[in-house]
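1. sequence first, predicted coordinates after that:
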Amino acid sequence: MSATAVASPNIAFIKYWGNIDQSLRLPANGSISMTLAGLETQATVAFDPSLPEDELHAQGAAFGSDPLSRISQHLDLIRNLAGIKAPARVDTQSNFPVGAGLASSAAVFAALTLAACAAAGLELDKRELSRLARLGSGSACRSIFAGFVEAFTGEDDGDAYAEMIAPAQHWRIVDLIAIVNRKHKQIGSTAGHSLASTSPFQAARVADTSRRLDICRQAILGRNFPPLANIIEQDSNMMHSIMLTSTPPLFYLSPPSLVVMEEVTSWRAAGLRVCYTLDAGPNVHCITHADDASEILSRLRAVSGVEEVIQAPPGNAAHLI
Ligand code: DP6
């Protein structure tokens with residue numbers, strides 16, 4: 001009754017922000033992401049009837065304010081499906097900073113879902129695994145898949161899941177993540193999502209989503225960098241406008257984030273294929289074509305406030321090991 005899975009985080013090109021049903025994590029809008037190679041969370045789940053209750057052993061900082069109860073709730077869904085009651089020991093290990101806007105919960109819940117289902121003897125298809133992972137963390141539904149991935153809003157819990165748009169080798173794009181702060185963020189995504197509807201701009205952002213999704217999907221399928229860059233930056237700026245105008249407001253950007261964003265804009269104006277996007281944290285994901293990556297990497301390392309740059313090309317699907 002034990003299994004281990006590995007999953008990678010993903011960077012959203014078109015962001016999910018806000019839920020129409022917070023407890024079911026039914027997203028207010030669809031999203032598109034790239035799964036990130038090299039960054040990995042490994043989760044081992046062992047159901048053990050002799051344990052008094054679920055145990056979490058997380059390497060490094062854990063995510064969220066009460067990680068064990070969030071994990072236990074997720075395990076309950078899987079226990080119910082499998083018809084088992086045994087508590088579980090969960091071990092997680094991530095090789096990247098957790099809770100700093102690198103979508104750590106996506107990797108944790110994708111790996112946890114896969115490992116727990118296997119340990120419970122459930123054989124589910126990828127769509128069902130993606131739906132289940134979403135219930136643990138909205139963005140985790142995308143980390144079930146490799147490469148370029150789209151998540152759908154769905155009418156209800158049954159049809160809110162993700163699918164692959166194109167495999168990892170489809171396009172030589174790299175995410176160069178400029179780390180400007182490794183610390184755990186103050187307000188996690190779950191709390192942030194619940195504030196989204198307090199921004200007067202959220203309704204307009206949601207209403208405009210299919211336009212952004214179409215442009216992004218077409219740019220990926222056609223390997224067309226300029227429209228990808230424009231829509232990625234606009235989408236990130238739109239999400240951060242919601243954050244800044246929520247009640248209370250959320251400030252995830254920090255001064256060094258803005259410096260990097262400004263530099264990226266000027267490098268693109270000078271002909272390099274690069275654009276920026278930020279999740280719920282200050283670190284700047286610089287999406288670049290692989291042929292321009294070494295030039296962008298050395299420029300990013302020279303920007304004041306950048307502590308480190310992590311390189312991640314399109315990555316693999318979550319898998320059992
Ligand atoms: C800004 O999936 O981390 O990264 O469902 O509460 O775990 P929870 O939220 P999460 O939200 C992701 C927000 C985002 C944008 C995105 O990844 O689409």
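-> All right, it came through fine. It should be emphasised that the depicted structure is a prediction, and the values quoted were computed from it without experimental measurement.

2. which residues does the residue lying closest to R127 once chain neighbours are set aside contact?
-> Here the nearest residue to R127 in space, its sequence neighbours aside, is Y161; by CB to CB, 6 or more residues apart in numbering that works out to 5.2 Å. In short, each C-beta sits where N, CA and C put it, glycine included. Y161 sits next to 127-128, 130-131, 134, 141, 151-152, 154 when contact means CB atoms under 8 Å, 6 or more residues apart in numbering.

3. neighbour-wise, which of these leads?
-> C141 (35 neighbours; other CB atoms under 10 Å).

4. for the stretch 51-200 of the chain, what lies in contact range of the ligand?
-> For the stretch 51-200 of the chain, the residues in contact with the ligand (CB under 6 Å from any ligand atom) are 103, 105-106, 137-139, 189-190, 193.

5. one more time with 8 Å, if that's ok
-> Listed as neighbours of the ligand in the stretch 51-200 of the chain under the rule CB under 8 Å from any ligand atom: 64, 101, 103, 105-106, 109, 134, 136-140, 142, 151, 188-190, 192-193.

6. A280 and P87, how far apart?
-> 31 Å (CB to CB, to the nearest Å).

7. same check, this time on A178
-> A178 is 41 Å from P87, by CB to CB.

8. looking at the two, which is more packed in?
-> The neighbour comparison of A178 against P87 (other CB under 10 Å) goes to A178, with 29 against 18.

9. the more buried one contacts A302, correct?
-> No - applying CB atoms under 8 Å as the test, A178 and A302 come out as separate, 11.1 Å apart.

10. in the chain, where's the longest helix?
-> Counting by DSSP state H, the longest helix found in the chain is helix 225-244.

11. can you give me how far the next helix or strand after that one is from the chain middle?
-> Remark: after helix 225-244, the chain's next helix or strand is helix 255-269, criterion DSSP states H and E. Centroid displacement of helix 255-269 relative to its chain, using CA atoms, centre = their mean, to the nearest Å, is 22 Å.

12. where in this structure is pLDDT low?
-> For the chain, applying pLDDT under 70 flags the ranges 60-65, 97-103, 184-185.

13. surely A116 is in contact with I78?
-> Yes - in this structure, A116 is within contact of I78 by CB under 8 Å, at 4.6 Å.

14. who's more crowded, those two?
-> Of the pair A116 and I78, A116 is the one with more neighbours under other CB under 10 Å, namely 30 against 24.

15. OK, contacts around the more buried one?
-> 3, 45, 74-75, 78, 88.
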